[in-house]
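Q: Fold the stuff below for me.
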Amino acid sequence: MDAMWNTEQPRDGFGPDPFNPYPFARPVTYVGGRSKKQLRAEIQSTCPKLPGVYGMWDRKGQLIYVGKSKALRSRLLSYFSAANAEEKAGRIIAAARVIQWETQPSEFAALLREQHLIRTLTPRWNVQEIPKRQRPVYLCLGRPPAPYFFLARVPPKDSVACEGPFHGAGRMSRAVDALNKHFRLRDCSSQQTMHFSEQLSLFQLEHRPGCLRLEINTCLGPCAAGCSRGEYDRQVAAAKSFLEGLNAEILVQLQDSMQTAAERRQFELAAHARDSLQVLEYLHRKLLYLAEVRRTYSFVYSVPGYDGSGIWYLIRNGEIADRLVAPQCTKTFADARPELRRWAAELEGSDTATTGQASNGLYPHTLSLVARWFRKNKDEHQQTFLPSQAGHKYRSAKANPRRYTVVG
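A: Just a heads-up that it's a prediction; the model follows:
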């Protein structure tokens, strides 16, 4: 079996887990076989019906797929179903020679681990084999000295604002085009030199714009001294407010443009405005929802583990910000107090609770995961509390322990 492994891939595990607060790694098991029949038999006899993540390696030792499940054995056995032979699952298992799984204390922990592994290991069937139009993208505002809207697969660290992920690359590309035109932001190459109006000397020659957008009034023209830095920054601020769900002016303007064009029988212009409006209405709804999550999701989330390894997650502005071992006794609760005080200060220092403005932390990609989790599992809100309420939560949990239900 050793020959099937690429030494660049983790042999005995998937690597570090930033969301595991325990001093030990989660249990990992791997099985191998030269045929689907052998692999299935190994899984049937050794894989538990517990939450966790799994990875599949091909004959060359390349990691080709990562997944998660709240019942690992049931999920892995489903790949061998005759009904899936021609589907994606069937094609993945046909190429697999080694399968590795790592149990997680809960389904929520498995979700976080899966997302982290896909982002860091980029398995082929999770990334390359997905059509570009279906890959998630982030809508970003940034790239100095003249920021503008653009799409990115990974949230950049130096952007003015960033939100997502969104699905539908084609739809999002149309949204970016409409947003840059409405806010009159550039969309030119990073190689294009910017010349703001205050940078011109008395005898300096005029700079020619790099495209026609300045002439047709869809760009302020920072490349040709068409605006001052202050004028451009004001447009960036307005664009940022749209990204934060605070500014819907563009929707009103597009609606008016569509109606005016239709009244003048300019049907092509009306259709273009309609298409842009549909894309941006979808985007605005999503931005409003994410802004609400950022504004209201700042708390501690208590998640029990099937093996007693519960975790308290700090969720700040809708994102996972930190985690600690769920206190099990008086001593462990006392040990957790300094961290809980730090968490309380961190939440009090968050301006999102009052302004609704986005503030990305270390794991901005967890925002949508957290939002989907609580939307799907509404009862889980009962397991959230503020750091100042941790003592009451600990005593309540000790008196009435919440057990993790193992599927199957």
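Q: tell me, what residue is most central in the chain?
A: Nearest to the mean C-alpha position of the chain, by Cα atoms, centre = their mean, lies residue 365 at 2.7 Å.
Q: show me the contacts for that residue.
A: Applying Cβ atoms under 8 Å, 6 or more residues apart in numbering to residue 365 gives the contacts 115, 119, 154, 155, 165. (Each C-beta comes from the backbone N, C-alpha and C, glycine too.)
Q: Let me know the closest of these to residue 257.
A: residue 165 (29.2 Å; Cβ to Cβ).
Q: ok so that closest one is a helix residue?
A: No - with DSSP: H, G, I helix; E, B strand; the rest coil as the criterion, residue 165 is located in strand rather than a helix.
Q: one step back: in helices, which of the contacts of residue 365 appear?
A: Within the contacts of residue 365, residues falling in helices by DSSP state H are 115, 119.
Q: Quick one, which of the contacts of residue 365 are buried?
A: 115, 155, 165 (16 or more other Cβ atoms under 10 Å).
Q: of those, closest to residue 361?
A: Set against residue 361, the nearest of those by Cβ to Cβ is residue 155 (10.6 Å).
Q: can you pull out the strands in the stretch 51-200 of the chain?
A: Using DSSP state E, counting those that start in this stretch, the strands of the stretch 51-200 of the chain run over residues 52-58, 63-69, 96-103, 137-142, 148-152, 161-166.
Q: Most tightly packed of those?
A: Burial of the strands of the stretch 51-200 of the chain is given as mean neighbour count (mean count of other Cβ atoms under 10 Å); strand 52-58 ranks first at a mean of 25.
Q: which residues touch residue 174?
A: With contact taken as Cβ under 8 Å, 6+ apart, residue 174 is in contact with 275, 276, 279.
Q: Identify those among those that sit within helices.
A: Per DSSP H, helices hold the following members of those: 275, 276, 279.
Q: remind me which residues of the stretch 151-300 of the chain are low pLDDT?
A: Applying pLDDT under 70 to the stretch 151-300 of the chain flags residues 200-205.
Q: before we move on, the earlier item: gap between the residue nearest to the centre of the chain and residue 165?
A: 7 Å (Cβ to Cβ, to the nearest Å).
Q: Tell me where the protein has helices.
A: Here the chain has its helices, by DSSP H, at 36-46, 72-78, 88-95, 107-121, 169-182, 229-243, 249-263, 267-296, 330-348, 352-355, 366-376, 390-399.
Q: between these, which one is nearest to residue 159?
A: helix 229-243 (9.8 Å).
Q: Can you name every helix or strand that the closest one contacts?
A: When contacts are defined as 3 or more Cβ pairs under 8 Å, 6 or more residues apart in numbering; DSSP states H and E, helix 229-243 packs onto strand 137-142, strand 161-166, helix 249-263, helix 267-296.
Q: Just the CA atoms of that helix, as PDB, please.
A: Output of helix 229-243 as PDB, limited to C-alpha atoms (Å, rounded to 0.1, in the frame of the first residue of the first chain):
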ATOM      1  CA  ARG A 229      -8.200  61.100  -5.100                       C
ATOM      2  CA  GLY A 230     -10.900  62.400  -2.700                       C
ATOM      3  CA  GLU A 231     -13.600  62.200  -5.400                       C
ATOM      4  CA  TYR A 232     -12.600  58.700  -6.200                       C
ATOM      5  CA  ASP A 233     -12.500  57.700  -2.500                       C
ATOM      6  CA  ARG A 234     -16.100  59.000  -2.000                       C
ATOM      7  CA  GLN A 235     -17.300  56.700  -4.800                       C
ATOM      8  CA  VAL A 236     -15.400  53.800  -3.100                       C
ATOM      9  CA  ALA A 237     -17.200  54.600   0.200                       C
ATOM     10  CA  ALA A 238     -20.500  54.500  -1.600                       C
ATOM     11  CA  ALA A 239     -19.600  51.200  -3.200                       C
ATOM     12  CA  LYS A 240     -18.600  49.800   0.200                       C
ATOM     13  CA  SER A 241     -21.900  50.700   1.600                       C
ATOM     14  CA  PHE A 242     -23.600  48.700  -1.100                       C
ATOM     15  CA  LEU A 243     -21.400  45.700  -0.300                       C
END
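Q: Could you figure out how far that helix is turned away from strand 161-166?
A: Interaxial angle, helix 229-243 versus strand 161-166 (axes from the mean of the first three to the mean of the last three Cα atoms, to 10 degrees): 40 degrees.
Q: picking up where we left off before, export the contacts of residue 365 to CSV and tack on distance to residue 60?
A: Shown next, in CSV, are the contacts of residue 365 (distance: Cβ to Cβ, whole Å):
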residue, distance to residue 60
115, 25
119, 22
154, 26
155, 32
165, 30
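Q: tell me which of the contacts of residue 365 is nearest to residue 240?
A: Distances from residue 240 to these, taken as Cβ to Cβ, are shortest for residue 155 (15.0 Å).
Q: So that closest one is in contact with residue 140, correct?
A: Yes - if you go by Cβ atoms under 8 Å, residue 155 and residue 140 touch, sitting 7.1 Å apart.
Q: what is in contact with those two at once?
A: Both residue 155 and residue 140 are in contact with residue 162, where contact means Cβ under 8 Å, 6+ apart.
Q: if we can go back for a sec, need the helices of the chain in CSV (columns: distance to residue 306).
A: Formatted as CSV, the helices of the chain follow (distance: least, Cβ to Cβ, whole Å):
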stretch, distance to residue 306
helix 36-46, 17
helix 72-78, 12
helix 88-95, 25
helix 107-121, 10
helix 169-182, 38
helix 229-243, 40
helix 249-263, 47
helix 267-296, 28
helix 330-348, 19
helix 352-355, 33
helix 366-376, 18
helix 390-399, 16
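Q: from the ones you listed, which stretch is densest packed?
A: Burial of the helices of the chain is given as mean neighbour count (mean count of other Cβ under 10 Å); helix 107-121 ranks first at a mean of 21.
Q: Not counting its own residues, what contacts stretch 104-113?
A: Stretch 104-113 is contacted by residues 14, 17, 19-20, 26, 50-53, 68-70, 102, 303-307, 309-311, 313, 320, 366, 369, 373, 404 when judged by Cβ under 8 Å, 6+ apart.
Q: for the ones in helices among the contacts of residue 174, which one is nearest residue 378?
A: residue 279 (29.7 Å).
Q: how about the closest one, what does it touch?
A: Here residue 279 is in contact with 171, 174, 175, 178 (criterion: Cβ under 8 Å, 6+ apart).
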